[in-house]
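Peer 1: After the sequence you'll find the predicted model.
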Amino acid sequence: MIKQTNVIKRKTFVAREDLLNRLSEIAKANGYSVFELVNEIFQLEIESNGINLSLKKMASEHRQLETARQAGFMLGLENVWYDMADLAYGKDKHLAQKSWFDAGVWFASRYTSNDQSRASLSMFKGDLSAFIWNAPELYFEQTDNQVLIRVTSPRFTEAYTFLFTSFLLGAMQRLGYKPTVQEVTRGVIRLGCVKEAEYGST
């Protein structure tokens, strides 16, 4: 009787030396051999591809969630947030709007610098697009001194629409922009903003 043995076939692949060196450090720190770690990475990428994902996309989404957590966001049921917004808005509209405006100022403060740079607004736009899951359309059009923001969602209640508008206005003020256009109806927000210095010179 011939005894059968499982033979693991190996192939050589090429990679950047700095990446291989870093991978070796990671493997050692976690009690793996480089062979084991590389094969685990390959296996995870194959499994991710099977559900239309990739390691790169999963890492990006994890970073977004971690950034959101550090920024003070928390996950919650969408309909509960709408109900809470309706209750707060119905009880004291002006106080609720001020609270959301102040939240926008606070949130945008993490992106500001002394020169109110274009990069700050770009970072704010990127994170907001990643964090706000309940708006199918969150559109920013930016020129040198002006910004057009358009948000639409058929699920927004009237109260939530106006409160989220206040949040955006607070954020844009903190980033150095003043509103020149405000068109708000349930589920639709359109804001036009211009840099404070530019606004004052017109």
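Peer 2: Happy to help now that I have it. Residues are numbered from 1 along each chain as shown.
Peer 1: Phi first, then psi, for the residue most central in space within the chain.
Peer 2: Centroid-nearest residue in the chain, with CA atoms, centre = their mean: Ala130, separated by 2.4 Å. Main-chain dihedrals, Ala130, degrees, to the nearest 10: phi -80, psi -30.
Peer 1: so what's it closest to, chain neighbours aside?
Peer 2: Leaving aside its sequence neighbours, Ala130 sits nearest to Gln64 (CB to CB, 6 or more residues apart in numbering; 4.5 Å). In short, each C-beta sits where N, CA and C put it, glycine included.
Peer 1: for the one you found, what are its contacts?
Peer 2: Residues near Gln64 by CB atoms under 8 Å, 6 or more residues apart in numbering: 127, 130-131.
Peer 1: 10 Å instead?
Peer 2: Residues in contact with Gln64 (CB atoms under 10 Å, 6 or more residues apart in numbering) are 126-127, 129-131.
Peer 1: which one of those sits closest to Thr112?
Peer 2: Using CB to CB, Asp127 comes nearest to Thr112 of the contacts of Gln64, at 13.2 Å.
Peer 1: Surely that closest one is in contact with Tyr111?
Peer 2: Yes - the pair formed by Asp127 and Tyr111 meets the contact definition of CB atoms under 10 Å, at 7.8 Å.
Peer 1: Give me the more crowded residue out of the two.
Peer 2: Taking other CB atoms under 10 Å, Asp127 and Tyr111 do not tie; Tyr111 has more neighbours (21 against 18).
Peer 1: returning to what we had before: may I see the buried residues of the helix or strand where the residue nearest to Ala130 lies?
Peer 2: Assigned by DSSP states H and E, Gln64 belongs to helix 55-70. By 16 or more other CB atoms under 10 Å, the buried positions in helix 55-70 come out as Ala68.
Peer 1: Heading C-terminal from it, find the next helix or strand.
Peer 2: Using DSSP H and E, the helix or strand that directly follows helix 55-70 along the chain is helix 78-91.
Peer 1: got a list of what the nearest residue to Thr157 once chain neighbours are set aside touches?
Peer 2: In this structure, Thr157 finds its nearest non-sequential neighbour in Tyr82, 4.9 Å apart by CB to CB, 6+ apart. Neighbouring residues of Tyr82 by CB under 10 Å, 6+ apart: 134, 155-157, 159-160.
Peer 1: How much space separates Tyr82 from Phe101?
Peer 2: Counting by CB to CB, to the nearest Å, the gap from Tyr82 to Phe101 is 19 Å.
Peer 1: Repeat that for Thr67.
Peer 2: Using CB to CB, Thr67 is found at 23 Å from Phe101.
Peer 1: same thing with Phe73?
Peer 2: Phe73 is 17 Å from Phe101, by CB to CB.
Peer 1: I am finished for the moment; much appreciated.
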